[in-house]
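Visitor: Predicted structure and sequence below. I'll ask about it afterward.
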Amino acid sequence: MITKKYSITKFQLFFVLIQSQIGIGLFSLPNVVQESAKGDSWISIILAGAGVQFLLIVYLFLLKRFPDDEFAQITQKILGRTLGKIINFFFYFYFIMTGSLSTILMVKLINLQLLPITPNWMISLLILSACIYLTISNLKIIARFFVLAFTLIILLLFLTLFTLLLPQEIQFILPVGNSGIKNILIGSNSALFSMVGFEALLFLYSFIIHNNKGVLKTISLANIFVTGFYTFIVFICLISFSPDQLNLIREPLIFLFRGLSFKMFARVDLIFLSFWIVPMTTTIIAYLFLASKSLRNEEKSYKKIVVINGILIFLISLIPHTDEITNLFTKYISYLNYAVIYVIPVLLLILSIIFKKHETGETA
Amino acid sequence: MTGCWDQHQLVDKTIVNGISFDLTDEGRILLKARNINIKSKGGGQFEIEDELVSAERPTMVGLSMDIDSKSAGRVDYSQTHLLLIGDELAKQGIHQTLDSFYRGKDSNIAAKIAITKGKAHDVLSTEKDKSPIAFFILQMIEGAEETTFLPEETIFNIWTKILTPGKDFILPYLEKTESDKIAIAGVALLNGDKFSGITLSKEQSTLLLLLLDRFKKTNFMSLILNPTSEDRSIAFSTRKIKRDMEITVDKTSGDITCTIDISIQVEVNSYPQNLKEDLNTKKLNKEISAGLTKQAKEITAILLEANSDVFGIEMELAKRHPDVWKKMNWDEDYKNTKIEPKVNVEIIKTGNVF
C-alpha cells in the first residue's frame, strides 16, 4: 500500500484531466482536421471524443484490477521486472518528448503573436521555471491550481461567444456528411492528437480517493466537456472561414479574435492569448508531473527528478524552431502517441486478463 | 525580463491611421500613409503632428520599408483604421494588397476598406493640415453602415469573401467632391477580388443591401411615385425585413431563375400630400412596392452586367444542383441567369401625422 499523502478527489480529477487535455492543441485543431474532413470536421471531433471515451473505459478496466498500484508497478507486475521497466522508460520518454513539443509550440506561438524579438530560450526559461516550481510541490497542490485555472477556460469560452458577432456563412458546412465517412474518420484520427492528455488517468488512478466507484462518471464528464469545447471551437472556425482560407491561416481561432474590434478595446486576440498562456502551461505541468512519476522512484528523490526533467525539457526546447523541424518532431511524437494511448494499454489489459493478474493479496 | 527585447515606447512611434494604395500611370504602386507623429516635449507633455508620407515601388513589396525610412521612429500599423484603394488598382485585384495585413502580427485587420473614384491618395490627402482625415472617413463609413447605405466590411471579412468560391461582394465607394470634401458615392461591385468598374448609387445600394438581407438598424429611402402631380413623393425608412431566396432550374431549357422576395415594414418619414385627407395605406403600399420592385430590377440588371454574383447564386447552385453546376462555365453563364426580385412594402407607422 503506497502512501495516500498526495491524493486527489474525483472533483479535482475532472479538472486535472481537462487541463492536461486542453492546451496548445486547440489552435492547430481546425487546420489539421479540416485537411481531410473539410466541412464535416465537427463530426470528426465528436467521433474522436467517442474514441477517447472507449479508450478511457479500456484504461479503467485495466486499472480496476490494480486499484492501489502506481502504473509503473502495474507494468512490472504484468510484464515482469525487466520488460516492465523498459515499458516504463518508454512512457517516460514519451512524456518528456510530448512536454517538450508542447513547450516548443507554445514558445513558437508566443514568439509569433506576442513577443517577436525576445529570444526563444528566454520565453522557454520563463515558462519552465514556473512549471518546475509548481510541479515540485505535490499532486494535491497541482490539482488545486488546475481547479483554479479552470475559471480561465470558462472566461475564454465566454470570450469566444463574441466571435459570433462576426459574419458567418453556414453554407461552408453544407451539405452535412459531404466529405464521406473515410475522410471524417481520418479527421478524427488527427483530432485525437489534440485531445491527448487523457492518458494521465493511467498514472493518476492510484492517487484518487475512493477510486473503487464513480471514476467512470467523472472521466466521462471531463471527456464530454473537452469534446464539446473542441467541437464548438471547430464549428465556429468552420462557419467563419472559407475552406480555402482555413488552409492558409496558422491559428484560425486567434485570427478570428483579431477580426473583432470594439469601441473600448481592440485586438481581442492579444487578450485571449495572454489568458490562454495558463491552460497551455498546465499541459506542460501535467506532462512534467507524469514524466517524473512514470519511473518508479522514492518520494525523497521526486523533487530532484522534477528539476532534472524540467532542465531536460528546456534543453530539448532549444532545438531550432523552424517549421520544418517542428513538423517532423510533431510527426514522430504522433507515432509515439499511437503506442502509448492505444497499443500498450490494450496489450496490458489483454495480458492481464489472459494471465489472470490482479493486485497481490486480492482474491481472484 | 522580456522587456529587454520587446519594449516599445509611445514617443518613439509614428502611428499610421490611414493608408491609400494606387496604381500610377507607369504601372507602379503608390502608397501614401497618413501618420500621427508623437513628440515628447518633456514634462509629460506631447506634441502631435499629422503628416503624409508616400512611397512608390514597382510591386507591393518593400513599400513599408520606404515609409519607415521617411518617418520618425518605429512605424506602428496597429492603429490603421482605414485602407483606401484607387479604382485603377482595384480593377487589377485587391487580394495582393492585403497580404501584408494578414501576415503581420501588428496590423489592424478590423480596419475598414473602401474603393475610391480616381486616385485614393487624393481622398486621403484631403485637408492636409487638419486633424486626421482617416478618422473622419471612418466615422462616415460607420454611420453609413448603421443606416444600411454601405455594407459592413473590414479587411478581415473580405478575406473570407475573396476566398469564397461562388459568391462575390461589394465594397464602399468614396469620391472627392468638387468642394474638396469626401462623400460616399455608393458601392463598388466586385467580381472575385477585382473591381468591375461598375458602381451603384447610394439609393441603389441600400435597396441592394435589403435584397441581400444585410439590413442593419435602419435605412432611408425615397421614391417619386407620380412625377406629374405635386404631392406624390414619399420618404420612408425600413423597420423590419424578411427575405426569401430561391433558385430553380428549368429541366427542359436549363435556365436558372433566382427569385428574391423581400417583405419590408416601413415607417413614413415624409409624405407632403394633400394633408386634408388621411393616408390611404393600402394604395400606397402597392405603389411603393411597384416602385421599389422596378428599382430592384434595374439593380439586378446592373449586377449581371458587372458579372458580380453578390447573391451567391453559384454557391447555392453548387450545393443544391451540383450536376447542373458542373456543366456550366459560370463566368459566361451568369449573364444568362434570371434574377427576379420582388419587394413587398407594408406601412406600419406614419409618424406623428395620420
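Guide: Everything's here; your move.
Visitor: what residue ranges in the stretch 101-250 of chain B score low on pLDDT?
Guide: For the stretch 101-250 of chain B, applying pLDDT under 70 flags the ranges B:128-131, B:227-231.
Visitor: For it, what lies in contact range of chain A?
Guide: Proximity of the stretch 101-250 of chain B to chain A is assessed by CB under 8 Å from any CB of the partner chain, with B:105, B:108-110, B:152, B:154, B:156-157, B:159-161, B:163-165 identified as the residues in range. Glycine gets a C-beta too; all of them are placed from N, C-alpha and C.
Visitor: redo that, cut-off 10 Å
Guide: B:102-112, B:151-157, B:159-167, B:214 (CB under 10 Å from any CB of the partner chain).
Visitor: Going by neighbour count, which of those are buried?
Guide: Of all those considered here, the ones buried according to neighbour count by 16 or more other CB atoms under 10 Å in any protein chain shown are B:102, B:107-112, B:151-157, B:159-164, B:166-167, B:214.
Visitor: B:N17 falls within a strand, correct?
Guide: Yes. Using DSSP: H, G, I helix; E, B strand; the rest coil, the secondary structure at B:N17 is a strand.
Visitor: give the contact list for A:I96.
Guide: When the contact criterion is CB atoms under 10 Å, 6 or more residues apart in numbering or on different chains, the partners of A:I96 are A:287-288, A:290-292, A:294, A:309, A:312-313, A:316.
Visitor: Return the distance of it relative to chain B.
Guide: Applying CB to the nearest CB, to the nearest Å, the value for A:I96 to chain B is 25 Å.
Visitor: Show me the residues of the stretch 101-250 of chain B next to chain A that map onto helices.
Guide: Among these, the members falling in helices (DSSP state H) are B:102-103, B:155-157, B:159-162.
Visitor: Nearest residue to B:K202 in space, please, no chain neighbours.
Guide: Leaving aside its chain neighbours, B:K202 sits nearest to B:G186 (5.1 Å; criterion: CB to CB, 6 or more residues apart in numbering or on different chains).
Visitor: thinking again about what came up before, can you tell me which of the contacts of A:I96 are buried?
Guide: Here the buried ones among these, as counted with 16+ other CB under 10 Å, turn out to be A:287-288, A:290-292, A:294, A:309, A:313, A:316.
Visitor: Flag the shaky bits of chain A, pLDDT-wise.
Guide: In chain A the weaker segments, taking pLDDT under 70 as the threshold, are A:1-5, A:296-299, A:357-364.
Visitor: re earlier: part of a strand, is the residue nearest to B:K202?
Guide: Yes. Assessed by three-state DSSP, B:G186 belongs to a strand.
Visitor: Look at it and say how many residues are nearby.
Guide: Look at B:G186: counted by other CB atoms under 10 Å in any protein chain shown, it has 23 neighbours.
Visitor: who does B:Y173 bridge with?
Guide: Note on B:Y173: beta-bridge partners B:I115, B:G186, judged by DSSP bridges.
Visitor: and it, how far is that from B:G86?
Guide: For B:Y173, the distance to B:G86 under the criterion CB to CB, to the nearest Å works out to 12 Å.
Visitor: Mutual contacts of these two, please.
Guide: With the criterion set as CB under 10 Å, 6+ apart, the overlap between the contacts of B:Y173 and B:G86 is B:115-117, B:195.
Visitor: which one of those is nearest A:Y342?
Guide: Looking at the shared contacts of B:Y173 and B:G86 and their distance to A:Y342, the nearest is B:F195, at 54.1 Å (CB to CB).
Visitor: Give the helix, strand or coil label for that closest one.
Guide: strand.
Visitor: roughly how far apart are it and B:A114?
Guide: For B:F195, the distance to B:A114 - CB to CB - is 11 Å.
Visitor: Quick check: neighbours shared by the two?
Guide: Common contacts of B:F195 and B:A114 (CB under 10 Å, 6+ apart): B:85, B:90, B:171, B:173, B:188.
Visitor: which SS class is the nearest residue to A:A149 once chain neighbours are set aside?
Guide: Closest residue in space to A:A149, ignoring its immediate chain neighbours: A:V278 at 5.1 Å, by CB to CB, 6+ apart. The three-state label for A:V278, taken from three-state DSSP, comes out as helix.
Visitor: so A:V278 makes contact with A:F145?
Guide: Yes. In this structure, A:V278 is within contact of A:F145 by CB atoms under 10 Å, at 9.4 Å.
Visitor: any shared contact partners between the two?
Guide: A:Q19.
Visitor: residues in contact with B:P151?
Guide: With CB under 10 Å, 6+ apart as the criterion, the residues that contact B:P151 are A:167, B:144-145, B:157-158, B:161, B:169-172, B:187, B:205, B:208-209, B:212, B:214, B:216, B:310.
Visitor: next one: B:V310
Guide: B:151, B:161, B:167-170, B:187, B:189-191, B:208-209, B:211-212, B:214, B:299-300, B:303.
Visitor: what's the neighbour count on B:D6?
Guide: 12.
Visitor: separation between it and chain A?
Guide: In this structure, B:D6 lies at 5 Å from chain A, with CB to the nearest CB as the measure.
Visitor: can you give me phi and psi for that residue?
Guide: Dihedral pair for B:D6: phi -100, psi 80, per degrees, to the nearest 10.
Visitor: Can you get me a residue count around the nearest residue in space to it that is not next to it in sequence?
Guide: Distances taken as CB to CB, 6+ apart put A:L115 closest to B:D6, at 4.5 Å, once the chain neighbours are dropped. Applying the criterion other CB under 10 Å, we find 17 residues in the vicinity of A:L115.
Visitor: elements contacting the longest helix along chain B?
Guide: Ranked by residue count and defined by DSSP H, the top helix of chain B is helix B:281-306. Applying 3 or more CB pairs under 10 Å, 6 or more residues apart in numbering or on different chains; DSSP states H and E, one finds that helix B:281-306 makes contact with strand B:182-191, strand B:194-200, helix B:202-211, strand B:221-224, strand B:233-249, strand B:256-270, strand B:338-349.
Visitor: Repeat the analysis, applying 6 Å as the threshold.
Guide: The criterion is 3 or more CB pairs under 6 Å, 6 or more residues apart in numbering or on different chains; DSSP states H and E, and the helices and strands that helix B:281-306 contacts are helix B:202-211, strand B:338-349.
Visitor: Who are the contact partners of A:D69?
Guide: A:D69 makes contacts with A:S206, as judged by CB atoms under 6 Å, 6 or more residues apart in numbering or on different chains.
Visitor: gap between it and A:F203?
Guide: Using CB to CB, one obtains 11 Å as the distance from A:D69 to A:F203.
Visitor: repeat for A:L29
Guide: Counting by CB to CB - A:L29 and A:F203 are separated by 25 Å.
Visitor: quick one, which of these two is more surrounded?
Guide: A:L29 (26 against 21).
Visitor: Shouldn't that one be within a helix?
Guide: Yes. According to three-state DSSP, the state of A:L29 is that of a helix.
Visitor: Which residue, other than its chain neighbours, is closest to it?
Guide: Ranked by CB to CB, 6+ apart and with sequence neighbours excluded, the top spatial neighbour of A:L29 is A:S194, at 4.5 Å.
Visitor: Do I have it right that that neighbour meets A:I24?
Guide: No. A:S194 sits out of contact with A:I24 when judged by CB atoms under 6 Å, with a separation of 8.8 Å.
Visitor: count of residues packed around B:R232?
Guide: Other residues near B:R232 come to 15 when the count uses other CB under 10 Å.
Visitor: now do A:F272
Guide: The tally of other residues near A:F272 (other CB under 10 Å) stands at 22.
Visitor: Buried ones in the helix or strand hosting it, by neighbour count?
Guide: Take DSSP states H and E as the rule and A:F272 turns out to sit in helix A:268-294. Applying a neighbour-count criterion of 16+ other CB under 10 Å, the buried positions in helix A:268-294 are A:268-270, A:272-273, A:276-294.
Visitor: same for that helix, what does it pack against?
Guide: Using 3+ CB pairs under 6 Å, 6+ apart as the contact criterion, the neighbours of helix A:268-294 among helices and strands are helix A:10-21, helix A:81-113, helix A:120-135, helix A:139-161, helix A:200-204, helix A:252-258, helix A:302-316.
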